[in-house]
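Novice: Here is the input, now give the coordinates:
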Amino acid sequence: MSEKLAAAHALTLPLVSDPAHTAIDAFGVYDAENEVAWPAVYLVARDGTIAWRFLGDTYKVRPTIAELLRALDGG
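Specialist: Here you go, the predicted model:
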């Protein structure tokens, strides 16, 4: 599935799947009642710590590019 998606959109970055919920459980974003992960964006610092995060109530709301750039600048 990931390979087809990457090919269809000419993506050059690796796509991963998490069928065992390892990552979504570790980040605390799994919604067991609906069996989906809540929308989330994490910026991870070079030392592996979470520098910034966004947790959404719906997949329709995401941080803007401006918000991400501010977060990267430390603001």
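Novice: Got the domain ranges for this protein?
Specialist: Listed domain ranges for the chain are 1-28, 39-75 (source: automatic domain parsing).
Novice: need these in CSV with mean neighbour count and mean pLDDT, can you?
Specialist: (Glycine included, C-beta is placed from N, CA and C.) Putting those into CSV (neighbours: other Cβ atoms under 10 Å; pLDDT from 0 to 100) gives the following:
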stretch, mean neighbour count, mean pLDDT
domain 1-28, 10, 87
domain 39-75, 11, 89
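Novice: got the residue ranges for the strands in the chain?
Specialist: 30-31, 36-37, 40-44, 50-55 (DSSP state E).
Novice: Now render those strands as TSV, adding distance to Val16.
Specialist: Formatted as TSV, the strands of the chain follow (distance: least, Cβ to Cβ, whole Å):
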stretch	distance to Val16
strand 30-31	16
strand 36-37	13
strand 40-44	14
strand 50-55	18
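Novice: Between those strands, which one is closest to Asp18.
Specialist: Closest of the strands of the chain to Asp18 is strand 36-37, at 8.0 Å (criterion: Cβ to Cβ).
Novice: Please name the strands paired to the closest one in the sheet, noting orientation.
Specialist: In the sheet, strand 36-37 lines up against strand 30-31 (antiparallel) (DSSP bridges).
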